[in-house]
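# Need coordinates for the following:
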Amino acid sequence: MIYKVYYQETKERNPQRETTKSLYLEAETEVQARTLVEDNTDHNIEFIEPLEGNFLDYEQKNPEYHLTEFNK
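You can find the predicted model right below:
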């Protein structure tokens, strides 16, 4: 499944909507998606959203859409 992860670039600051960023990744579960991001970045995760069907189709039309891959 594809997940959209909303995050702040650092854990040192409280989340602010204006500085929220997102990335897309493929994982089997939401827990695995969270683990991948936490193990490979210093991001402060705000929310993880599963994408499928029309929601995934919509996101894939965004020119900034690309799957993030982490070296395992």
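
# Show residues contacting the lengthiest helix in the chain.
When the chain is parsed with DSSP state H, its longest helix is helix 30-40. Helix 30-40 is contacted from outside by Y3, V5, Y7, L23, L25, A27, H43, I45, I48, P50, F70, N71, using CB atoms under 8 Å, 6 or more residues apart in numbering. All C-beta atoms are positioned from the backbone trio N, CA, C, and that covers glycine.

# One more: stretch 57-66?
Counting by CB under 8 Å, 6+ apart, I2, K4, Y24, L51 sit against stretch 57-66.

# how does it look with 6 Å?
L51 (CB atoms under 6 Å, 6 or more residues apart in numbering).

# Can you point out the buried residues in it?
E59 (16 or more other CB atoms under 10 Å).

# before we move on, the earlier item: which of the contacts of helix 30-40 are buried?
Looking at the contacts of helix 30-40 with 16+ other CB under 10 Å, the buried ones turn out to be Y3, V5, Y7, L23, L25, A27, H43, I45, I48.

# separation between P50 and T19?
Distance of P50 to T19, given as CB to CB, to the nearest Å: 23 Å.

# Point out where the protein drops to low pLDDT.
72 (pLDDT under 70).

# swap the cut-off to 80 and go again
Regions of the chain meeting the criterion pLDDT under 80 cover residues 13-16, 71-72.
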